[in-house]
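[1] I would like to see how this sequence folds:
(one chain, ligands or ions: 1)
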Amino acid sequence: MTKKIFLSGIYHETHTFLSQPTTLKDFIINIGDDIIKQNTNNGSPTDGFIEFASKKSWDIISGIQMAARPSGIVDEEAEHFFDTNFFEKLEQHYENIDAIFLILHGAMVSKNHDDFEGDFLEKINHLLKQKNITIPVVAVLDLHANVSDKMIDNSTCVYAYRKNPHSDSRDTAIKAASILSDLFENPNVNQINYQTKYILPPTGVGTANDPMKSVLLEANKIEQSDNDIICINVMAGYSYADIADCGFSLNCCTKGDINVAKNYLVSLANVLEAKIDFAYPKENTLEEALEKIKSLPASSKPILLIEPADNIGGGTPGDATDLLSRLLQSEHEGIVAIINDPNAVKECHKSHVGKEIELKIGAKFDNFHGVPIKLKATIQKLSDGKFTLKNKKSHLASMMGINIDMGLSAVLKNEQLILLLTSVKTPPMDLGQLISHDIKPEDARLIIIKAAVSHKDAYDPIASHSFYIDSQGLCTSNLKRLPFKKIGDKIIALD
Ligand SMILES: [Zn+2]
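    Got it, this is the predicted structure:
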């Protein structure tokens, strides 16, 4: 018999310290068959699931899918819209489906739900129990999910990305779908969640480095050596969420003894403990970095100045000016930067290519990301801001597939700087962003990157060095600067 799978998803990583909410209009929304139409061959996790389902000749019953770029707390209208549409569709189909497959992020906070996904999965579970229906509920999670006990207690199996940058997001959905396929044969599995006391900054959770590298390696060894273990997920967590479940956690799905699984998770938490110093990397001041750069041997390759405090992939507005304005004062040349500033773009589009223009750039979203920079520069390019990923497995594909829309955009140039201005903040995870705007990143001397780890697959191969710079912004790696209230006795920094 053909299996019928109910497919839905909600994807948002919520920065609870940002003042502006995320509203319904910030989401890309697909309902019903549009989920399949919009995702087929777009490189996203949903695309991976569609491919697997087609190979298995599963029937996909499409519910609702919503995705927005990381940003502030999701407002009531948006949470309500998702909830209403999802449960309306599920009510129509629950009698005829064999499983529910969800593509989630796992770090969404909304007006009424600190643990949005936990409450959502609980509601699904209640509904199924009420109707006396036992079917698997399988979910894909981002490695940055803040996983609660509620999420684990109310799902059959969750499966998370293994890589950060997330080059494996599509493959993760395929793997999760293959787990679902196995669950049809053997549905008797259990999950266990294990939270640690650590909240790690995004700069400390790249998977090429410790502690993630060692913990993932050990988790993989366990998965390989114990046939009962279906998966062990190493969850880096997302640190800019002031909620009880914020932080690094581990979870396991097993066919065997749950106590054995728990012991594995405890052993992995010990691996984390042993490597914990690496999870809070120290950053340079700009002055320190520029001193170090002076003594570097000459290279034709660019140097990256990483600005994690305005990590767009972590939710900040992408318009922080602190680092760029101080760099411009240093009289360095050959700088490439990207600032999200819809108003400045509008001004450029009122003018024309080749025209010199004087503008105030950036720092318009809120008061936490510097002050606007007064800039005189020539307009090099005006565009609709659309581009296709150069690397189809870019971290960005996990968020929005391979076709990216930065909104109306403009390129400005003066003797120090080439500046790409966008209208929709777009994380710098793929070189296509610059190349599509005739900016050759390889020719730059200094590139400012508003990211923590997700830029690495794209930019590390073209760079000679990279320096993490401590600057002003709400994605600061120094978590002690943020007014946490709900995290209890969790640890946000080592003394
Ligand atoms: Zn992530």
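
[2] contacting residues around the residue of the chain found nearest the ion?
    Using CB to the ion, the single residue of the chain nearest to the ion is His144, 3.6 Å away. Where you see a C-beta, it was placed from the backbone N, CA and C, and this is true even at glycine. Residues in contact with His144 (CB atoms under 8 Å, 6 or more residues apart in numbering) are 13, 105-107, 164, 202, 205, 235-238.

[3] With Ile357 instead?
    Contacts of Ile357 by CB under 8 Å, 6+ apart are 347-348, 351, 376-379, 412.

[4] try Asp384
    Contact analysis of Asp384 by CB under 8 Å, 6+ apart lists 408-409.

[5] do the one 3 residues further on as well
    Residues in contact with Phe387 (CB under 8 Å, 6+ apart) are 403-404, 406, 432-433, 436-437.

[6] what do you get if the cut-off is 7 Å, keeping everything else the same?
    404, 432-433, 436 (CB atoms under 7 Å, 6 or more residues apart in numbering).

[7] so what pLDDT did the residue lying closest to it once chain neighbours are set aside get?
    In space, and not counting its chain neighbours, Phe387 is closest to Ser436: 3.6 Å by CB to CB, 6 or more residues apart in numbering. On pLDDT, Ser436 comes in at 98.

[8] Ser436: neighbouring residues, count only.
    21 (other CB atoms under 10 Å).

[9] gap between it and Val424?
    14 Å (CB to CB, to the nearest Å).

[10] chain center to the lengthiest strand in the chain, what's the gap?
    Longest strand of the chain, by residue count under DSSP state E: strand 373-383. On the basis of CA atoms, centre = their mean, to the nearest Å, strand 373-383 is displaced by 30 Å from the centre of the chain it belongs to.

[11] Could you look up the SS state of Met53?
    Not Met; residue 53 is Ala. helix (DSSP: H, G, I helix; E, B strand; the rest coil).

[12] what do you get for Asn30?
    Here Asn30 is strand, with the state taken from three-state DSSP.

[13] Could I get the contacting residues of it?
    38, 65.

[14] what do you get for Trp58?
    Neighbouring residues of Trp58 by CB under 7 Å, 6+ apart: 2-3, 5.

[15] what does His437 give?
    Contact analysis of His437 by CB under 7 Å, 6+ apart lists 381, 383, 409, 411, 420.

[16] one more time with 10 Å
    With contact taken as CB atoms under 10 Å, 6 or more residues apart in numbering, His437 is in contact with 338, 380-383, 385, 387, 406, 409-411, 418, 420-422.

[17] Same check on Pro201?
    239-240, 279-281, 283, 308, 311, 314, 452, 475-479, 492-493.

[18] let's go with 7 Å and repeat that
    Neighbouring residues of Pro201 by CB under 7 Å, 6+ apart: 239, 280, 477, 479.

[19] Show me which residues of the longest strand of the chain are buried.
    373, 375, 377, 379-383 (16 or more other CB atoms under 10 Å).

[20] residue closest to the middle of this structure?
    Among the residues of the chain, the one closest to the centroid is Gly313, at 5.5 Å (CA atoms, centre = their mean).

[21] Grab the nearest non-local neighbour of that residue.
    Looking at Gly313 with CB to CB, 6+ apart, the closest residue is Pro427, at 3.9 Å.

[22] could you pull out the strands for the stretch 351-495 of the chain?
    Per DSSP state E, counting those that start in this stretch, the stretch 351-495 of the chain carries strands over the ranges 356-361, 373-383, 386-388, 403-405, 409-413, 417-422, 446-449, 465-468.

[23] Format the ones you listed as JSON lines; extra columns: mean pLDDT and distance to the ion.
    Putting the strands of the stretch 351-495 of the chain into JSON lines (pLDDT from 0 to 100; distance: least, CB to the ion, whole Å) gives the following:
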{"stretch": "strand 356-361", "mean pLDDT": "98", "distance to the ion": "28"}
{"stretch": "strand 373-383", "mean pLDDT": "98", "distance to the ion": "28"}
{"stretch": "strand 386-388", "mean pLDDT": "96", "distance to the ion": "21"}
{"stretch": "strand 403-405", "mean pLDDT": "94", "distance to the ion": "17"}
{"stretch": "strand 409-413", "mean pLDDT": "98", "distance to the ion": "25"}
{"stretch": "strand 417-422", "mean pLDDT": "98", "distance to the ion": "21"}
{"stretch": "strand 446-449", "mean pLDDT": "98", "distance to the ion": "17"}
{"stretch": "strand 465-468", "mean pLDDT": "97", "distance to the ion": "18"}
